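1. Fold the following for me, if possible:
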Amino acid sequence: MSLPTRTQVWRVKNSPVESVVLDSSDDTTFALSEEPLPDLEDGEMLVENVYFSNDPVQRSLIQKDVLPGSLCVAPVREGDVVTTHSIARILAIDDNTSHEFKVDDLVFCMTTGWRRYAVVKANSSACLPLTVPENVPVTAALGLFGISGYTAYYGLKDILKLKEGDSLIVSGAAGAVGNIVVQYAKNVIKAKIVIGITGSEKKCKWLKEIGADIALNYKADTFAKDLDDATPDLVDAFFDNVGGFVLDRAIARIKRYGRIAACGSISGYDKDVGKPTIGTTWSEVTTKCLAIQGFTALDFMFPQDGSDRVATEGFPNIAGALQRGDITLEHAEEIVEVPFTDVPKVWGMLFTGANSGKLVTKLKPSA
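-> Now for the predicted structure:
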């Protein structure tokens with residue numbers, strides 16, 4: 001079979017100020033093109049993307065005029081390829097390349113972006129071997145054994161320092177990170193009470209099935225009272241994936257000297273970018289001496305000291321929890337198979353609440 005010489009690519013056409021535009025108008029956020037592939041050079045390999053990770057942080061990276069210093073990775077400007085993590089199949093490797101990969105291997109890629117095919121470095125700066133336990137779907141490398149899983153794990157262990165008997169609120173609890181937080185906090189750490197906040201009654205039901213003691217729908221008219229009723233003694237910690245008014249309400253339900261892990265703020269990533277969304281309870285951060293820590297999993301996955309806590313701690317602990325049944329992948333992955341032309345539409349599902357668990361794009365084979 002002949003190797004491809006061209007590839008489809010999604011680039012940023014118009015950096016969004018407010019909501020992304022996912023249509024074919026002149027204002028559309030992304031533009032599809034077909035481009036030639038470079039020839040393979042020493043130390044390179046040709047890969048075909050099979051699965052794309054969909055992550056809210058991608059929205060922050062494409063924000064118009066965002067300052068590089070405000071991000072954990074480089075911004076994606078107009079004309080740039082949209083960044084993502086992916087699972088790709090190796091199609092070819094330069095003959096002079098010394099490497100640990102072989103043709104037909106599936107690898108975890110960090111530099112392909114939204115491309116059908118890509119030429120990448122055959123080393124750990126671009127691709128890593130897939131690391132999932134035996135008999136676990138390879139897509140878990142993008143979720144439970146990827147950024148989502150390690151965000152949940154290190155957020156609980158290092159940021160919140162959650163311990164047995166603690167009480168916890170989790171926002172965005174049915175999302176890629178949130179559902180793992182709920183399961184690990186309740187079933188592994190043995191938190192006394194875990195309260196999950198999500199956006200539908202269906203998701204509330206699922207959260208209770210996987211470990212949440214209480215699940216609340218923030219879209220319900222009674223949400224504020226429901227949260228008050230669920231926390232008569234207040235809680236020790238809050239794992240926040242959402243920000244906005246949910247964070248505002250949660251601050252009021254945290255004990256003195258409580259802890260907040262600021263993991264995400266998806267409520268303000270798109271349509272409410274730059275708009276103030278909290279404030280009515282902010283004074284309680286001072287009066288209750290609350291500790292708020294922002295973080296990303298990258299700090300723990302690729303630490304400055306060169307240690308490998310993922311291999312020595314994170315991976316074995318999460319794998320052990322999965323093997324014991326303390327964590328389940330059932331209904332925790334939503335894999336949507338589409339042609340390459342529909343990649344942005346699947347990603348856009350993140351901001352409508354359409355998915356539960358980890359949202360993964362599976363690319364239909366090329367014609």
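2. A152 versus the residue nearest to K163 when sequence neighbours are not counted, what's the distance?
-> In this structure, K163 finds its nearest non-sequential neighbour in I189, 6.8 Å apart by C-beta to C-beta, 6 or more residues apart in numbering. C-beta here means a position set from N, CA and C on the backbone, and glycine is covered the same way. I189 is 11 Å from A152, where distance means C-beta to C-beta, to the nearest Å.
3. Who has more neighbours out of the two?
-> A152 (30 against 18; other C-beta atoms under 10 Å).
4. Helices of the stretch 151-300 of the chain, residue ranges please.
-> 178-183, 201-210, 223-230, 244-251, 283-287, 298-301 (DSSP state H, counting those that start in this stretch).
5. Look up which helix or strand P316 falls in, please.
-> For P316, the enclosing helix or strand under DSSP states H and E is helix 315-324.
6. and that helix, C-alpha only, in PDB?
-> Only the C-alpha atoms of helix 315-324 are listed here, as PDB (Å, rounded to 0.1, in the frame of the first residue of the first chain):
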ATOM      1  CA  PHE A 315      -0.400   4.500  37.000                       C
ATOM      2  CA  PRO A 316      -0.100   1.600  39.500                       C
ATOM      3  CA  ASN A 317      -2.600   3.100  41.900                       C
ATOM      4  CA  ILE A 318      -5.200   3.900  39.300                       C
ATOM      5  CA  ALA A 319      -4.700   0.500  37.600                       C
ATOM      6  CA  GLY A 320      -5.100  -1.200  41.000                       C
ATOM      7  CA  ALA A 321      -8.300   0.700  41.600                       C
ATOM      8  CA  LEU A 322      -9.600  -0.400  38.200                       C
ATOM      9  CA  GLN A 323      -8.700  -4.000  38.800                       C
ATOM     10  CA  ARG A 324     -10.400  -4.100  42.200                       C
END
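7. What is that helix packed up against?
-> helix 147-154 (3 or more C-beta pairs under 8 Å, 6 or more residues apart in numbering; DSSP states H and E).
8. one step back: can you add mean neighbour count and give the helices of the stretch 151-300 of the chain back as CSV?
-> Shown next, in CSV, are the helices of the stretch 151-300 of the chain (neighbours: other C-beta atoms under 10 Å):
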stretch, mean neighbour count
helix 178-183, 30
helix 201-210, 18
helix 223-230, 15
helix 244-251, 21
helix 283-287, 12
helix 298-301, 16
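9. Rebuild those helices as TSV, extending it with distance to D55 and mean pLDDT.
-> Output for the helices of the stretch 151-300 of the chain, formatted as TSV (distance: least, C-beta to C-beta, whole Å; pLDDT from 0 to 100):
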stretch	distance to D55	mean pLDDT
helix 178-183	13	98
helix 201-210	19	97
helix 223-230	26	98
helix 244-251	19	93
helix 283-287	28	95
helix 298-301	12	85
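10. Show me the one of the ones you listed that comes nearest D42.
-> Closest approach to D42 among those is made by helix 298-301 (27.9 Å; C-beta to C-beta).
11. Tell me how far the next helix or strand after that closest one lies from the chain's centre.
-> Next along the chain after helix 298-301, taking DSSP H and E as the criterion, comes helix 309. Computed by C-alpha atoms, centre = their mean, to the nearest Å, the chain-centroid distance of helix 309 equals 19 Å.
12. With stretch 149-163 instead?
-> In terms of C-alpha atoms, centre = their mean, the centre of stretch 149-163 is set 15 Å apart from its chain centre.
13. Return the set of buried residues in it.
-> Buried residues in stretch 149-163, counted by 16 or more other C-beta atoms under 10 Å: G149, Y150, T151, A152, Y153, Y154, G155, L156, K157, I159, L160, L162.
14. Would you check how far apart the residue nearest to K163 and D326 are?
-> Note on I189: its distance to D326, by C-beta to C-beta, is 10 Å.
15. can you pull the pLDDT of the closest residue to V181 other than its chain neighbours?
-> Nearest non-adjacent residue to V181, counting by C-beta to C-beta, 6+ apart: A152, 4.5 Å away. A152 is assigned a pLDDT of 97 by the prediction.
16. low-confidence ranges in the stretch 1-150 of the chain?
-> 1, 97-99 (pLDDT under 70).
17. SS state for the closest residue to F52 other than its chain neighbours?
-> With sequence-adjacent residues excluded and distances taken as C-beta to C-beta, 6+ apart, F52 is closest to T361, at 4.1 Å. Using DSSP: H, G, I helix; E, B strand; the rest coil, the structure places T361 in strand.
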